[in-house]
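K.L.:
output the structure for:
(chains A and B)
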Amino acid sequence: MSPLGRALTSVLLLLHLTAVVGSLAIGTPPGDLIRTGSRGYERLVGVYQGWNMFAPNPPIVDRWMVVRGQDQSGDWVTLPSLMGAREAVFVEWRYQRAGKLERNLMTKSRRRALRAYGHWLCEVHDAMVTVNVERHSQRTPAPAEARAGATATMESTTIRTQRCKR
Amino acid sequence: MSRLLALWNRVWFSPVDARSLGVMRITLALLLLLSHLAWIGDLHLLSDAGPVTTQTVIDSANYARWSYLDGLSGDALLAAHLLGLLPLLGMLVGWQSRLMTVLVLIGQIALHHRAPWLQHGGDRVLRISVLALCFAPSGAAFSLDAWLARRRRGTDACALVPVTAHRLVQIQLMIIYLFTGLAKASGGTWVNGNALYYALSSRTFQRFPTLLEPVLSSLPGQLILTGATWLTLVWELGFVVMVLWAPTRRWALIIGLAIHAGIAATMMVGSFSFATAWCYLAFLPCAWASRSRLTARWTR
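P.N.:
Numbers count the residues shown, from 1 in each chain, chains lettered A, B, ... in the order given. Sure thing, here's the model as predicted:
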């Protein structure tokens, strides 16, 4: 490698490593200081360093989305969600990105996206006057409870009610 | 200062066998190809007529973004996505390798920007890995570029390349394990040994829901999971030391591969296990690529 190539590579490496350090130290004064300069690069290239997979704890509550719609006669019907119905299968072969999207839409920071999703549901299911997006959750029983044959209890919460304009 | 510079040069620019980087390029391109093809089944989620329009992403993003998939739907979206296969194929065969790797990186960034909420950890590892390969001439071996150069000059195009890409991948892998290990060490379920029980009980991530049921609901099964939980935690926390210290490096990598094989077999976490396992190539002694029978036949 030529000296110029090495110098140029070194500069790029330093910029990249600085952004990585800033991302790792997020929420600390030095990290935030670095990120004032590196945040654009971090977001543009997507080198954000959050590696909290199943940390600090794995999910103890299983959550999934259910969509219901009210038709003009006032009846509520279950509409197909992005993931489809949760059916008992022997094996799941393919990673379901729709599930990832649904889980993201159920988080508080995605309110705006959830609102857009509600509008889209109204467009797709044009016979509905109202669409409800529900978060269903099921707490995994503790290990001792599972050995005793306990079954998980289920809860549901409506996280978005969309009136469909006609 | 000159010592520091010498150390910097040794760490980032020491020469290594180009064949090991060539194998890394080919295997990464294969992983990305599989991921790209798998996306075809989910393209409706990227469609502008779908649940997440480009405008929704723009409204939510508070950073500069761009994607060649913006505003597309139907056949136009499919065509644009299939066009993204071309640089991947170029990277795979090693034609204009540097340029193709940069184009693949741009494609990965575009996919990320169009659908940030559909991305998983594996996508991020793959994207960062492509970025690392951009820093080195990954087409110096096992490539059309090298073959053409050899024909022109009558000798190997380049037997040695800088270690830059290897180092970036090594550092990234150490970061992943160290920081996830530290985060887990602060969580109660990892310390009390129940974490894997909960992770495998989650319907969201289960690959074999019915098959695992007897393991999850029996004492022997739960005890095995407790042992596996502690092994995972200790190994993640100790990975950096184990992999940097030559006598334990092999074990750090063997245990890691076993853990990732277990995750891939039992859990739906996308390409994460495969992408992370790919990073292990950067830790293998660079001579391995020239020693293996397959590569020896290729270069004969």
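K.L.:
spatially central residue in chain A, please.
P.N.:
Geometric centre of chain A, nearest residue: A:Asn104, 1.9 Å, by Cα atoms, centre = their mean.
K.L.:
can you give me the helices for the stretch 51-200 of chain B?
P.N.:
Read by DSSP state H, counting those that start in this stretch, the stretch 51-200 of chain B holds these helices, from start to end of the chain: B:54-60, B:74-83, B:85-93, B:97-114, B:121-133, B:144-153, B:164-185, B:188-191, B:195-201.
K.L.:
just those helices: most buried one?
P.N.:
A comparison of the helices of the stretch 51-200 of chain B by mean neighbour count, using mean count of other Cβ atoms under 10 Å in any protein chain shown, puts helix B:195-201 on top with a mean of 26. Using the backbone N, CA and C atoms, a C-beta is placed for each residue, glycine as well.
K.L.:
between helix B:121-133 and the host helix or strand of the residue nearest to the centre of chain A, find me the angle.
P.N.:
When secondary structure is defined by DSSP states H and E, A:Asn104 falls within helix A:97-105. Using axes from the mean of the first three to the mean of the last three Cα atoms, to 10 degrees, the inter-axis angle of helix A:97-105 relative to helix B:121-133 is 100 degrees.
K.L.:
nearest spatial neighbour of residue 54, skipping sequence neighbours?
P.N.:
Here I'm looking at chain A. Setting aside the residues directly before and after it, A:Phe54 is nearest to B:Ala199 in space (Cβ to Cβ, 6 or more residues apart in numbering or on different chains), at 5.3 Å.
K.L.:
ah, no, chain B please
P.N.:
Closest residue to B:Thr54 in three dimensions, ignoring its sequence neighbours and counting by Cβ to Cβ, 6+ apart: B:Asp70, at 4.5 Å.
K.L.:
so that neighbour sits against B:Gln55, correct?
P.N.:
No. Here B:Asp70 lies out of contact with B:Gln55, judged by Cβ atoms under 8 Å, at a distance of 9.4 Å.
K.L.:
need the contact list for whichever residue of chain A sits closest to chain B.
P.N.:
Sorted by distance to chain B under Cβ to the nearest Cβ, the residues of chain A start with A:Pro56, at 3.0 Å. When the contact criterion is Cβ atoms under 8 Å, 6 or more residues apart in numbering or on different chains, the partners of A:Pro56 are B:183-184, B:186-188, B:190.
K.L.:
wait, a strand at it?
P.N.:
No. The secondary structure assignment for A:Pro56 gives coil rather than a strand, going by DSSP: H, G, I helix; E, B strand; the rest coil.
K.L.:
residue boundaries of the helices in chain A?
P.N.:
Ranges of helices within chain A are A:3-24, A:29-45, A:97-105, A:111-124, A:143-147, based on DSSP state H.
K.L.:
now render those helices as JSON lines, adding distance to A:Leu79.
P.N.:
Compiled in JSON lines, the helices of chain A are given as follows (distance: least, Cβ to Cβ, whole Å):
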{"stretch": "helix A:3-24", "distance to A:Leu79": "39"}
{"stretch": "helix A:29-45", "distance to A:Leu79": "34"}
{"stretch": "helix A:97-105", "distance to A:Leu79": "13"}
{"stretch": "helix A:111-124", "distance to A:Leu79": "7"}
{"stretch": "helix A:143-147", "distance to A:Leu79": "33"}
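K.L.:
using a markdown table, please lay out the helices of the stretch 51-200 of chain B together with mean pLDDT.
P.N.:
Supplementary listing: these in a markdown table, determined by pLDDT from 0 to 100:
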| stretch | mean pLDDT |
| --- | --- |
| helix B:54-60 | 91 |
| helix B:74-83 | 97 |
| helix B:85-93 | 98 |
| helix B:97-114 | 96 |
| helix B:121-133 | 97 |
| helix B:144-153 | 90 |
| helix B:164-185 | 97 |
| helix B:188-191 | 96 |
| helix B:195-201 | 96 |
